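Participant: Next comes the sequence, and after it the predicted model I'd like to discuss.
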Amino acid sequence: MRNPEGIARALRAAESVCICCHVSPDGDTVGSALAMKLVLESLGKRARVFCQDKIPDCDCFLKGAEEIARPEENREKYDLFLAVDVSDPARLGSCLALKDCCAHSAQIDHHGTNPEYTEVNSVDGEAAATCVLIREQMKYLDVPLTRDIAECLYTGISTDTGNFSFDCTDAETFRVMGDLMETGFPLAERSMVLFREKSKEQLKLLGRAIERLRFEENGQIAVMTLTRKDFESCGALSEHADTVVNYGLETVGTRMALLAREAGDGRIKFSLRARAPLTVDDVAAQFGGGGHPRAAGISMEGSLEATVRQVLRAMKETLRKETK
């Protein structure tokens, strides 16, 4: 449940805060972390943001993005460990070790599957984005909204709502956006960077995925795959595949979509999507993954072909249960 009062007490009691993002960071974890850094610095606190992996290029315009550090670079102790948008400890990756460098721990998150793994937890699986909860948290800390903070929060909210098109988008989302717009941040410019501009490498990679696009269950499930060779020959990064799965789901008649890609660590990473009322978080959970009901992820060991068969089988079972 939401606990902004408890988080506010923990933040006020701390002089230094270690803020951590999840692995394979997206706009919500990065935006939440950088917004909290600005909030804490306005309160006279020392705050630093950590992430195991490189943040997406499209998020680099955010204030403080260039200062995000890898966990192994840390040489300090902190009063408080704060995880933002991190659904479970495994999603912290190597940032989990930083928890031992802190006297206390807290988190702010919007994943319904979160096991509340810190001392103080503020979790609401119904919130559209963790950045929505950060905006609420600011009010409990009596910190005014600035343009820099607004850009961070917009990035997270727009990312996790699919640019305000997913069914998690609600009235609270737009109330918060109304607050952000009052700061005068350049919405059209930032929206272009986040959702419309694509690098040549990204377009080449998308082409590879679409070439292999196939449909199962009478066109109801879209399946795409990408190999390490695809990334290398296109000169593409992992982040360039983040939205590829959406092209499968946006096909007429498709109700579920799967993108499987060979990661640099030898594992296979899956992005799963579904249209309501179907869900994919339960499918992901079967393989140690998680996420939201209609947008989830998995990281598995094995070959590309074998893991795709396993996950696709589970998706077919979910589809058949719903259609009975």
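Facilitator: Arrived safely.
Participant: drop to CA atoms for contacts and neighbour counts, all remaining ones
Facilitator: OK.
Participant: can you map out the helices along this protein?
Facilitator: In order along the chain, the chain carries the following helices (DSSP state H): 4-13, 27-42, 130-141, 147-160, 171-181, 187-191, 200-211, 228-234, 244-249, 281-285, 304-323.
Participant: closest to Ala257 out of these?
Facilitator: Checking the helices of the chain against Ala257 by C-alpha to C-alpha gives helix 244-249 as the closest, at 5.2 Å.
Participant: what's in contact with that closest one?
Facilitator: 206, 209, 213, 222-224, 254-259, 271-275 (C-alpha atoms under 8 Å, 6 or more residues apart in numbering).
Participant: What of stretch 206-217?
Facilitator: Ile221, Ala222, Val223, Met224, Thr225, Leu226, Asp230, Ala241, Val244, Gly248, Lys316.
Participant: how near is the last one to Met300?
Facilitator: Counting by C-alpha to C-alpha, to the nearest Å, the gap from Lys316 to Met300 is 19 Å.
Participant: Can you tell me which helices and strands the helix or strand of the chain with the lowest mean pLDDT packs against?
Facilitator: Lowest mean confidence among the helices and strands of the chain (mean pLDDT, DSSP states H and E): strand 290-292, at a mean of 85. Using 3 or more C-alpha pairs under 8 Å, 6 or more residues apart in numbering; DSSP states H and E as the contact test, the elements touching strand 290-292 are helix 281-285, strand 295-300.
Participant: Now distance to Lys321, mean pLDDT and mean neighbour count too, for the ones you listed, in TSV please.
Facilitator: Formatted as TSV, the entries for the helices and strands packed on strand 290-292 read as follows, by distance: least, C-alpha to C-alpha, whole Å; pLDDT from 0 to 100; neighbours: other C-alpha atoms under 10 Å:
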stretch	distance to Lys321	mean pLDDT	mean neighbour count
helix 281-285	13	94	21
strand 295-300	19	92	21
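Participant: Quick one, which of these gets closest to Glu76.
Facilitator: Across those, the minimum distance to Glu76, taken as C-alpha to C-alpha, is reached by strand 295-300, at 31.0 Å.
Participant: Let me see the mean pLDDT of stretch 151-169.
Facilitator: Taken as a whole, stretch 151-169 carries a mean pLDDT of 95.
Participant: how long is it from one end to the other?
Facilitator: According to C-alpha to C-alpha, stretch 151-169 extends 18 Å from its N-terminal end residue to its C-terminal end residue.
Participant: buried ones in that stretch?
Facilitator: Going by neighbour count (16 or more other C-alpha atoms under 10 Å), the buried part of stretch 151-169 is 151-161, 163-164, 168-169.
Participant: Likewise for stretch 217-226?
Facilitator: Buried residues in stretch 217-226, counted by 16+ other C-alpha under 10 Å: Gln220, Ile221, Ala222, Val223, Met224, Thr225, Leu226.
Participant: The first one contacts Leu258, correct?
Facilitator: Read that as Gln220. No: distance between Gln220 and Leu258: 11.3 Å, which falls outside the contact criterion (C-alpha atoms under 8 Å).
Participant: What values do phi and psi take at Glu182?
Facilitator: phi -60, psi -20 (degrees, to the nearest 10).
Participant: Quick one: residues contacting it.
Facilitator: With contact taken as C-alpha under 8 Å, 6+ apart, Glu182 is in contact with no other residue.
Participant: measure Leu304 to Ala263 for me?
Facilitator: Between Leu304 and Ala263 the computed distance is 10 Å (C-alpha to C-alpha).
Participant: Please disregard the earlier target; I meant Leu43.
Facilitator: If you go by C-alpha to C-alpha, the gap between Leu43 and Ala263 works out to 40 Å.
Participant: give the contact list for Val176.
Facilitator: Counting by C-alpha under 8 Å, 6+ apart, Val176 touches Val132, Arg135.
Participant: What distance do you get for Ser271 to Asn218?
Facilitator: From Ser271 to Asn218 the distance is 21 Å (C-alpha to C-alpha).
Participant: Next: Ser32.
Facilitator: With distances taken as C-alpha to C-alpha, Ser32 is found 40 Å from Asn218.
Participant: Please apply the same query to Cys51.
Facilitator: Computed as C-alpha to C-alpha, the Cys51 to Asn218 distance reads 41 Å.
Participant: do the same with Cys102
Facilitator: Looking at Cys102 against Asn218, where the rule is C-alpha to C-alpha, the gap reads 53 Å.
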